[in-house]
Each structure stands twice: as structure tokens, then as C-alpha cells.
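# What follows is a predicted structure for the sequence shown.
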Amino acid sequence: MGRKLQIDIMRYNPLDENSVPHMQSFFLEEYPSMTLFVALTQLRETQDPSLQFDFCCRAGICGSCGMVINGRPSLACSTQTRDLPAHITLHPLPIFKLIGDLSVDTGTWFRSVGTRLETWIHSNAEFDENAIEERMEDGLAKEIFELDRCIECGCCVAACGTARMREDFLGATSINRMARFHLDPRDNRTAEDFYEVIGNDQGVFGCMGLLACEDVCPKELPLQDQLGIMRRMLAFQSVKNIVPAFLRDKMTCGHDKCGHK
Ligand code: SF4
Ligand code: SF4
Ligand code: FES
């Protein structure tokens, strides 16, 4: 016999004017290797077909199952119930638009931030359909790939105190994304261009540096390193033009990848 689990779930349907946010308790028996995805699917199939939550890959890849599990943003498909107490509480991720119950719209948030920051390669090169693929040094390709592993689950944004207070805060995931393009030698944007979009309170200078984002990231992305690198690079950029030229040549932001920018 497995444990008897009590799962309290926040219920609310914003499209139903009679719906009032409340917690609803469900009970089910645990079995070995049960994940929260399995538990929620079982609840929906056997107890309440109106329960709303999102899943796609069930393998920690698509980023759609982020929710607040016992107070901590995390992926439900990668969370085994045996790692939780028998009393589990689930809330939808804050900050994102609520679709219903545990389902939130992270896509609109990520799309709007991506458009705002223009998170794509900015190249001045003429497009040549016959050109062969550009080579990239292995180590650099790996560094870029490391930052590209973000699955846009939204957990870091939901855990961020600054994002909770300020709607326009870009969050660690966006800074990480910009750091990825800053590393990429095919992107012709200069330090000034990066400063323009993230060198402000909505970007690197608004972060309180309390690490919640990195703590909850299910992909273990080095978010704090990237925040630090970008903050240093942009702080350097902001003072560069006000120091005498003979000192400027001796200054460095400490980022060994800035040579190409
Ligand atoms: S370290 Fe910065 S980005 Fe990360 S959670 Fe804290 S305020 Fe947000
Ligand atoms: S940085 Fe991590 S926590 Fe944030 S959206 Fe990407 S994968 Fe999720
Ligand atoms: S269902 Fe895809 S990450 Fe959880």
C-alpha cells in the first residue's frame, strides 16, 4: 500500500464570472515512481474532468508544466511524489496570465520579451544562399549551447522578487538569452546596443541578486554567472565614455569574450 496523498489545488476559472479562487483537496493513493503529472492526470480522469493543467513532453523538455509545488516553482512532470510530503499544495505560476487552475500562458510573456529584446541574430552580412555553413570554435559553440538550453518554463520568473514587484522586469531568463547572443560572433550588435535594451532597471540593474532564479531553474542554467557578466559588461560600458582616453585603454570589463564586440 502506498501513502495516501492529499493534493490541495488552487481552482479558478477566470472565464467564468461565478468562479471564485479557492483551494480544493483531492485524495489518491501513491504508487512507486508516481510523478505529479501522473497524479494530476489520474485526478482528472477519475475525479474531476474540469481540472486544468498543462503537459506536453512529460520529460522536462517542453517547459509547459511549470507550477508552484509546495511553495516552489518547479516542473510537475519531473517531480516524483515520493520526494514530497504526503500533503501537497499546488498553485499556478504567478506573473503569467492565468488560463485556469494550474494552467498559465507563459508563451505570450516570452514572445513579448523576445520581441522587445529582439532575441535573434543581428547580422550585417549579405544573405548568400550558396554559402557554406559558418564554422564556430567548439568551445564557444558549447558555451552558447549551454545558455540555449532554457525551456522557457517560467519558473525563474515566478520565483523572482523583482518580477513580482515590477511588471516590466525582464527576468534572469531574458538576460541569459541576451548573454547567449552577446557570445555569438555572428551577432553584430555592439555593447552599446545591448546597453540600450538591458542596461537599465528593467534589465541587469533591476536585479536584486538573491539567486532565487538559479535555485529553481530545472535545467540548472548558470543564470547568476550570466547576470554578473552582463552587468559588469554594461556597467563598464556606461562609464567607458566618461573616463579619460588614456585610462580607457587600460580598462576591461573582465569578460574575455568581449573582444569581438
Ligand atoms: S537574482 Fe535577480 S533575476 Fe534572479 S530572482 Fe533574484 S532579482 Fe530575480
Ligand atoms: S532559465 Fe531555467 S527556470 Fe528560467 S525559463 Fe529557462 S529553464 Fe525555466
Ligand atoms: S511536460 Fe514538458 S516539461 Fe513538463
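Yes, it's here. Numbers count the residues shown, from 1 in each chain. Ligands and ions are numbered 1, 2, ... in the order given.

# count of residues packed around residue 238?
By the criterion of other Cβ atoms under 10 Å, residue 238 has 12 neighbours. For the C-beta atoms, the positions are set from N, CA and C on the backbone; glycine is no exception.

# And the nearest residue to residue 114 once chain neighbours are set aside, what's its pLDDT?
In this structure, residue 114 finds its nearest non-sequential neighbour in residue 177, 7.5 Å apart by Cβ to Cβ, 6 or more residues apart in numbering. Note on residue 177: pLDDT of 96.

# for residue 177, helix, strand, or coil?
Following DSSP: H, G, I helix; E, B strand; the rest coil, we place residue 177 in the helix state.

# tell me the contacts of it?
Residue 177 makes contact with 114, 117, 119, 147, 150 under the criterion Cβ atoms under 8 Å, 6 or more residues apart in numbering.

# Any figure for the gap between it and residue 36?
28 Å (Cβ to Cβ, to the nearest Å).

# Over to residue 87?
The value you get for residue 87 to residue 36, if Cβ to Cβ is used, is 14 Å.

# more crowded one of the two?
residue 36 (26 against 11).

# Tell me who's in contact with the closest residue to the more buried one other than its chain neighbours.
Spatial nearest neighbour of residue 36, excluding adjacent residues (Cβ to Cβ, 6+ apart): residue 76 at 3.9 Å. Shown in contact with residue 76 (Cβ under 8 Å, 6+ apart): 35, 36, 37, 40, 53, 55, 65, 66, 67, 69, 90, 102.

# Which positions in this structure make contact with ligand 3?
Residues of the chain lying near ligand 3 by Cβ under 6 Å from any ligand atom: 55, 56, 57, 58, 60, 61, 62, 63, 64, 65, 75, 77.

# Identify, from the residues you listed, the entry nearest to residue 47.
For those, the minimum distance to residue 47 (Cβ to Cβ) is 17.2 Å, reached by residue 55.

# So this structure: which segments form each domain?
4-104, 118-260 (automatic domain parsing).

# before we move on, what SS does residue 8 have?
Applying three-state DSSP: residue 8 is strand.

# For it, name its beta-bridge partners.
Residue 8 forms beta bridges with residue 25, residue 89, as assigned by DSSP bridges.

# Contact partners for it?
With Cβ under 8 Å, 6+ apart, residue 8 has these contacts: 23, 24, 25, 26, 87, 88, 89, 90.

# now, the most widely separated pair of those?
So, the contacts of residue 8 by Cβ to Cβ: farthest apart are 24 and 87, at 13.9 Å.

# re earlier: for the contacts of residue 177, which single residue is the most surrounded?
residue 147 (21 neighbours).

# ok, that residue to residue 214 distance?
Distance from residue 147 to residue 214, counting by Cβ to Cβ: 13 Å.

# Same question for residue 238.
In this view, residue 238 and residue 214 are 25 Å apart by Cβ to Cβ.

# Please apply the same query to residue 183.
18 Å.

# again, but for residue 163
From residue 163 across to residue 214, the span is 14 Å (Cβ to Cβ).

# neighbour count winner among those two?
More crowded of residue 163 and residue 214, by other Cβ under 10 Å: residue 163, with 25 against 19.

# show me where the stretch 1-150 of the chain has strands.
4-11, 22-29, 66-69, 72-75, 87-91, 97-100, 103-105 (DSSP state E, counting those that start in this stretch).

# Now distance to residue 194 and mean pLDDT too, for those, in TSV please.
Listed next are the strands of the stretch 1-150 of the chain as TSV, based on distance: least, Cβ to Cβ, whole Å; pLDDT from 0 to 100:
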stretch	distance to residue 194	mean pLDDT
strand 4-11	39	98
strand 22-29	44	98
strand 66-69	28	98
strand 72-75	27	98
strand 87-91	35	98
strand 97-100	28	98
strand 103-105	28	98
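
# Fine by me, we can end here.
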